[in-house]
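J.: Any chance you can model this:
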Amino acid sequence: MKIAAYGYTNRGGRENNEDSIRLQWAGDRGSFVLADGLGGHESGEVASQTAADAILAGLVDGEAADEAGLRALFQSANAQILQAQAVPGQEEMRTTAVALRLAGEEAAWAYIGDSRLYRFRGGELREVTKDHSVTYRKFLGGEISYMDIYHDDDRSRLLRVLGREDCRPETGRAAIAPGDAFLLCSDGFWEYVYNEEIQADLCKAESPEHWAQLMLLRHIRRTPPGNDNFSLIAVLVEGEE
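T.: Residues are numbered from 1 along each chain as shown. Below is the predicted model of the structure:
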């Protein structure tokens, strides 16, 4: 197997881009990180860059060989952000994060906040991370429908992020095979492109970049003026040529 990937980030209608993406892959191994600094806090871009750099370095160095390792890596990144909060102007900085590690025939991931990971097999959605937000909790409790998540007033109220003493990322793992695909994205992207559309565009895509382009065409038609930063990382698992 071999991995192909493509990353894209855009500041949208904001003055600064507080999203950070990191990609590194070769052969059948790859490390991918996306972080979204919280716009309501000072220095969100510093928090997202700190998290993305720390998590990618740990993935590449092999520190996160399993789910326990991924949790420890997120906690280490959280400690770095907490330490950086001592700098004036950075006291309240926070960030979400989602990370994916592919190695051989296995995938492992971790996330905190509302940046998402989608996993596909045979062109069908197999898994999506569960946002750590008040809105997603309302959905799980049956108060709102899944489609309400995209418009609910509480969707920006996050229950878990990096930059707080209590750091509780969630993790997962799965076997992978040629034809599998993964998408990491920030809320500025997934709020405007629905799961069924992501899946449909994957089925038409010839490469990770093509998949991203198809989805971004949908995104650009829907975003209002002043829209949030938006980012994605598209990953395809291919067979050997």
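J.: show me what contacts F74?
T.: Residues counted as contacts of F74 (C-beta atoms under 8 Å, 6 or more residues apart in numbering) are I55, A97, A99, A110, I112, L162, C167, P169. No exception for glycine: its C-beta is placed from N, CA and C like everyone else's.
J.: one more time with 6 Å, if that's ok
T.: A110, P169 (C-beta atoms under 6 Å, 6 or more residues apart in numbering).
J.: Kindly report the same for the one 4 residues further on.
T.: For N78, the contacting residues are L162, C167, by C-beta under 6 Å, 6+ apart.
J.: give me that answer again for 10 Å
T.: Going by C-beta atoms under 10 Å, 6 or more residues apart in numbering, N78 touches 50-51, 54, 95, 97, 112, 161-169.
J.: Need the buried ones from those selected in PyMOL.
T.: To isolate in PyMOL the members of the contacts of N78 that are buried, counting by 16 or more other C-beta atoms under 10 Å, one can use:
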select buried, resi 50+51+54+95+97+112+161+162+163+167+169
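J.: and which of the contacts of N78 is nearest G239?
T.: For those, the closest approach to G239 (C-beta to C-beta) belongs to A97, at 30.5 Å.
J.: Find the helix or strand that the closest one is a member of.
T.: In this assignment (DSSP states H and E), A97 forms part of strand 95-103.
J.: Now flag whichever of the contacts of N78 is closest to E209.
T.: Nearest to E209 among those, with distances taken as C-beta to C-beta, is A97, at 23.6 Å.
J.: Would you mind confirming that that closest one makes contact with L158?
T.: No: in this structure, A97 is not within contact of L158 by C-beta atoms under 10 Å, at 11.7 Å.
J.: which residues of this structure fall in helices?
T.: 44-60, 67-84, 134-140, 187-190, 195-204, 208-222 (DSSP state H).
J.: Same question for the third one: list its buried residues.
T.: Residues of helix 134-140 classed as buried: T135, Y136, R137, K138, F139 (neighbour count, 16+ other C-beta under 10 Å).
J.: Now do it: distance to the chain's middle.
T.: 19 Å (C-alpha atoms, centre = their mean, to the nearest Å).
J.: Report the mean per-residue pLDDT for it.
T.: Helix 134-140 shows a mean pLDDT of 95.
J.: Which other helices and strands does the helix or strand of the chain with the lowest mean pLDDT contact?
T.: Lowest mean confidence among the helices and strands of the chain (mean pLDDT, DSSP states H and E): strand 124-128, at a mean of 90. Contact partners of strand 124-128 among helices and strands, from 3 or more C-beta pairs under 10 Å, 6 or more residues apart in numbering; DSSP states H and E: strand 116-121, strand 170-175, strand 181-185, helix 195-204.
J.: now, of those, which is deepest in the fold?
T.: Most buried of these, by mean neighbour count (mean count of other C-beta atoms under 10 Å): strand 181-185, with a mean of 27.
J.: which residues of the chain score low on pLDDT?
T.: 39-42, 63-64, 241 (pLDDT under 70).
J.: rerun that using 80 as the cut-off
T.: The model of the chain has pLDDT under 80 over residues 39-42, 62-65, 239-241.
J.: can you pull the contacts of L82?
T.: M93, L162, G163, R164, E165, C167.
J.: Good, we can wrap up now.
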